[in-house]
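Chemist: Please work out how this folds:
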Amino acid sequence: MEKNAATFGSIRFLQKNSIIDSEGILNVAKQVLAEKEKENAQQIQEEIERTKSRHFFYKLENRAPRFLVKRVQPFFSSPEKVLDLVDFNYNKMICLNFLNYCLENAKQLRFDLDLFEAEADKQLLLEYIWNNIYVAVSSNYPPKNPVNKEYRQKYDSFRKNIHKKGDAYILTAGNQTYALPLHHFEEVVFFHKYGTGELPVEVKDTLADTDFIDAGAFIGDTALILNELNPHRIYSFEPCAEQLALLEKTLKMNKLTNVVPVRSALGNQKCSSKLFLLETASFLTNDGEGGEEVPVTTIDSFREQNGLDVGLIKMDIEGSEFKAVQGAEKTIKTDKPVLIISLYHTGRDFFEVPPLLKKWVPSYHFRFLSLHKGVPILERVLLAY
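Modeler: So this is what the prediction gives:
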């Protein structure tokens, strides 16, 4: 099949019709490196020394083209070393994971832009791929998009509406008032409302009195936003005991009585796993020492046990999204809920979640949303309805 090119700015993405494959990804990497060669070599080297990461991407040199190995190699320590949870840079770790996924799955790698109907979303997808490759092989972030600069001013204005009252932090937004036990009002939640504003009115109307699954409930902030869609119940899954206690405080502060805290992680089978905290984020792994032992369940089993009519599932669970989606297969096929799923944590989430959902429910409409305009990688979600 003949190659053509989609463009993002001056960057050309080699494609086969709407399909971006591994050749297209590596073509982007070549263009990034060509641009970076124009920068001051000494400045790049100094930045590399400051941002070196130790992680689990073993023997990359056996998979990657020589031009890529030469530039990526400085970010790696010995192949025998594992992820260092203290020293790594979170954004760079995400981007290196994305690049590593592309290299490990080069033979079957494909991403069909036509899964997403809106042309603006396709441009966002190209920008997202570009940003991942740029950060993975570079020592800094890509140049700011003018639109992102505009949103930074809006975010600053939004934050001026936060004040402390007693033990609570209060945000006033329009005719809504929200209270949290911490000063932690994220733009993705309270400004962009997790993309729920992008839902057609007729879809929103179908959500009233259904059950919601809030996977990665954190301190209950997303429950405040989701509750505006008038659900019957919100089941807030949060495996971290410390964050669950804050979630319960949030519910009391806002007098929410239809939110059910569930201390469990979500995956593709019932089991237990170790939970590790990284600042405000928590993630599951059975590697390494320490961590907190937590139960893992599936959405399908929880739905069946509790007789739920699931209208919406939101997932932001630090790289466990793919497994949690697998564990919700029956629920998704049967109830066809609205889905809000983070795609930015891993390459697998980005490349494999959308086609899997489309296979299960061909009638789904997909949107790709950027829910924080001030950062190049984070808070990119799939909205399906």
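
Chemist: for the stretch 101-250 of the chain, what spans make up the strands?
Modeler: 110-112, 162-165, 168-173, 176-180, 211-215, 233-237 (DSSP state E, counting those that start in this stretch).

Chemist: Need the residues that contact the fifth one.
Modeler: In this structure, residues lying in contact with strand 211-215 by Cβ atoms under 8 Å, 6 or more residues apart in numbering are 222-223, 226, 229, 231-237, 266, 299, 302, 308-317, 324, 328, 337. C-beta coordinates here come from the backbone N, C-alpha and C atoms, glycine included.

Chemist: what's the average pLDDT for it?
Modeler: The average pLDDT within strand 211-215 is 98.

Chemist: And for the shortest one?
Modeler: Per-residue pLDDT values over strand 110-112 give a mean of 89.

Chemist: Okay, now the sheet partners of that strand, with direction.
Modeler: strand 19-21 (antiparallel) (DSSP bridges).

Chemist: Identify each buried residue in the partner strand, please.
Modeler: Ile20, Asp21 (16 or more other Cβ atoms under 10 Å).

Chemist: from the chain's centre, how far out does that strand sit?
Modeler: In this view, strand 19-21 has its centroid 21 Å away from the chain centroid, taken as Cα atoms, centre = their mean, to the nearest Å.

Chemist: for the record, mean pLDDT for it?
Modeler: 81.

Chemist: which one is Ile340 nearest to, not counting chain neighbours?
Modeler: Lys314 (4.3 Å; Cβ to Cβ, 6 or more residues apart in numbering).

Chemist: Doesn't the one you found belong to a helix?
Modeler: No - counting by DSSP: H, G, I helix; E, B strand; the rest coil, Lys314 falls outside a helix, being strand.

Chemist: I'd like to know how far Asn105 sits from Phe350.
Modeler: Using Cβ to Cβ, to the nearest Å, we find Asn105 at a distance of 12 Å from Phe350.

Chemist: repeat for Phe116
Modeler: Between Phe116 and Phe350 the distance is 12 Å, computed by Cβ to Cβ.

Chemist: more crowded one of these two?
Modeler: Neighbour totals were compared for Phe116 and Phe350, and Phe350 leads with 26 against 20 (other Cβ atoms under 10 Å).

Chemist: Arg303 versus that one, what's the distance?
Modeler: Distance from Phe350 to Arg303, by Cβ to Cβ: 26 Å.

Chemist: can you check Ala223 too?
Modeler: In this view, Ala223 and Arg303 are 18 Å apart by Cβ to Cβ.

Chemist: Specify the residue ranges that define each domain of this structure.
Modeler: Segmentation of the chain into domains, based on automatic domain parsing, reads 4-137, 192-342.

Chemist: Comparing Ala223 and Arg303, which residue is more hemmed in?
Modeler: Ala223 (27 against 22).

Chemist: So that one sits against Ala217, correct?
Modeler: Yes - counting by Cβ atoms under 8 Å, Ala223 does reach Ala217; the two are 6.4 Å apart.

Chemist: what's the helix or strand hosting Lys252 packed up against?
Modeler: Element membership of Lys252, judged by DSSP states H and E, is helix 241-253. Counting contacts by 3 or more Cβ pairs under 8 Å, 6 or more residues apart in numbering; DSSP states H and E, helix 241-253 packs against strand 176-180, helix 221-226, strand 259-262.

Chemist: mean confidence for the last one?
Modeler: Confidence over strand 259-262, taken as the mean pLDDT, stands at 98.

Chemist: Any stretches of the chain with poor pLDDT?
Modeler: Along the chain, the model assigns pLDDT under 70 to residues 1-17, 30, 32-89, 139, 144-147, 276-291.

Chemist: Just list whatever residues bridge to Tyr169.
Modeler: Bridge pairing for Tyr169 - DSSP bridges - gives Lys164, Leu180.
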